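**Q** Kindly return the folded structure for what I paste below:
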Amino acid sequence: MRTPQPDREGRFRALYADAYADVLRFAQRRVHSSHAEDVVADAFLVAWRRVQDAPSRSDEARAWLFGIVRHCLLNTQRGLGRRDALAVRIAETAPADSADGPEDDAAVQRLDLAAAWRRLSAGEQEALSLRVFEDLTSPQAARVLGISAASYRLRLLRARRALRRQLDLVERPSSAPDPLSALASHTPAGPPSAPAQMEENP
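**A** Here you go, the predicted structure:
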């Protein structure tokens with residue numbers, strides 16, 4: 001006698017409702033917004049076929065879905081040349097010419113950060129974004145990338161150092177605040193603790 005399987009459709013519906021918004025933001029950072037929904041649709045089709053493999057914890061399932069989206073994107077982009085990492089975009093906000101004050105300082109910080117971010121490799125951007133924007137633990141981020149947690153922590157450490165080197169090249173008054181704090185006000189943005197996550201030990 002065949003053992004009844006869990007409610008596959010119910011499990012998928014719960015997974016979709018819980019994670020769709022986060023998965024869409026994940027895709028939007030890595031592909032043009034006009035294609036992001038198509039990528040997410042493809043990823044959830046894969047998830048439907050493999051829903052019995054989805055972790056039961058919501059945060060682990062979220063990381064599992066990120067890994068599926070990344071795999072879909074890499075498969076598409078490898079058709080244009082071998083790619084092992086995905087570049088991640090962050091928003092830029094230009095300061096108003098007439099502004100002079102805290103808001104202007106914050107805008108300058110974001111521009112400094114965006115300039116430094118663009119000079120990072122795709123792999124460095126990925127390592128940082130999984131911690132800062134996606135708020136994943138090292139084991140979860142490692143799962144997205146298909147590597148060990150120890151390897152991810154090493155990548156993250158190197159990526160932080162690379163970003164710091166690039167920020168040090170940005171000329172700004174010595175009294176200006178650290179551009180890393182601009183991460184908290186970026187759109188799409190990470191959690192409020194993002195700057196601290198950038199600096200903490202992996």
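**Q** Poorly predicted segments of the chain, please.
**A** Within the chain, the stretches with pLDDT under 70 are 1-6, 78-84, 91-108, 171-202.
**Q** what about Gln52, how many residues close to it?
**A** Gln52 is flanked by 10 other residues according to other CB atoms under 10 Å. C-beta coordinates here come from the backbone N, C-alpha and C atoms, glycine included.
**Q** Could you find the closest non-adjacent residue to it?
**A** Sequence neighbours aside, Arg8 is the residue nearest to Gln52 in space, at 7.0 Å (criterion: CB to CB, 6 or more residues apart in numbering).
**Q** shouldn't the one you found be in contact with Arg49?
**A** No - in this structure, Arg8 is not within contact of Arg49 by CB atoms under 8 Å, at 10.1 Å.
**Q** Quickly note the distance from the residue nearest to Gln52 to Ala141.
**A** 28 Å (CB to CB, to the nearest Å).
**Q** cool, Arg155 as well?
**A** 9 Å.
**Q** which one of the two has more residues nearby?
**A** Of the pair Arg155 and Ala141, Ala141 is the one with more neighbours under other CB under 10 Å, namely 26 against 23.
**Q** from what I can see that one touches Tyr152, true?
**A** Yes - using CB under 8 Å, Ala141 is in contact with Tyr152, at 5.1 Å.
**Q** and for these two, which residues touch both?
**A** Listed as contacting both Ala141 and Tyr152 by CB atoms under 8 Å, 6 or more residues apart in numbering are 127, 130.
**Q** Sketch out the helices for the protein, chain order is fine.
**A** Assigned by DSSP state H, the chain shows helices spanning 8-28, 33-49, 58-77, 102-118, 122-132, 138-145, 149-168, 194-199.
**Q** Return the most buried member of the ones you listed.
**A** Burial of the helices of the chain is given as mean neighbour count (mean count of other CB atoms under 10 Å); helix 122-132 ranks first at a mean of 23.
**Q** before we move on, the earlier item: joint contacts of Arg155 and Ala141?
**A** Ala127.
**Q** what's the closest residue to Tyr152 other than its chain neighbours in contact with, if anything?
**A** Spatial nearest neighbour of Tyr152, excluding adjacent residues (CB to CB, 6+ apart): Ala142 at 4.0 Å. Residues in contact with Ala142 (CB under 8 Å, 6+ apart) are 148-149, 151-152.
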